[in-house]
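S.K.: Provide a 3D model corresponding to the input given below.
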Amino acid sequence: QVQLQESGPGLVKPSQTLSLTCTVSGASITDNYRSWSWVRQPPGKGLEWMGATGYDGKTDYIPSLKSRTSIARDTSKNQFSLQLSSVTPEDTAVYYCNGKLWNGIGWSDYWGQGTQVTVSS
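M.R.: So this is what the prediction gives:
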């Protein structure tokens, strides 16, 4: 059973850096045919894909956030992380980590339960 769990502070001050970690169990983040993403949902809005890392550590980001976003892996802990710099109140959202795993037929989606992050002074 693949499980993902987000962790990190729930309150960040404007201009600071938001840091979240996703701990994965039941699957290795370094195995092939895997993609690990961060997705957020601002209040009253839809889901926004922020970026992802693959089995080889390569990353991809949505252009609108690329200059402020960094996704990294800690393979020794089977974790991947998100850093979002220079945050503003518009970055307030529920942040989810997501894993897509190829099951031989199609892609299976796995989600963390989400963590609320509020940007406020």
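S.K.: how far away is the most centrally placed residue in the chain from Met50?
M.R.: Centroid-nearest residue in the chain: Trp38, 2.4 Å away (criterion: CA atoms, centre = their mean). To Met50, Trp38 is 4 Å away according to CB to CB, to the nearest Å. For glycine as for every other residue, the C-beta is placed from the backbone atoms N, C-alpha and C.
S.K.: which residues are common contacts for those two?
M.R.: Shared contacts of Trp38 and Met50 (CB atoms under 8 Å, 6 or more residues apart in numbering): Leu82.
S.K.: which residues pair with the residue nearest to the centre of the chain across the strands?
M.R.: Trp38 has these beta-bridge partners by DSSP bridges: Gly51, Cys97.
S.K.: List the contacts of it.
M.R.: Listed by CB under 8 Å, 6+ apart, the contact set of Trp38 reads Leu20, Cys22, Trp49, Met50, Gly51, Ala52, Ile71, Leu82, Tyr95, Tyr96, Cys97, Asn98.
S.K.: And Ser15, by the same measure?
M.R.: Ser86, Val87, Thr88.
S.K.: Can you pull the phi and psi angles for the residue of the chain most remote from its centre?
M.R.: Using CA atoms, centre = their mean, the residue of the chain lying farthest from its centre is Ile105. It sits 24.9 Å away. Geometry field for Ile105 lists phi and psi as phi -120, psi -40, criterion degrees, to the nearest 10.
S.K.: ok, now Pro63?
M.R.: Backbone torsions of Pro63, given as degrees, to the nearest 10, read phi -60, psi -40.
S.K.: Let's see the pLDDT reported for it.
M.R.: Note on Pro63: pLDDT of 97.
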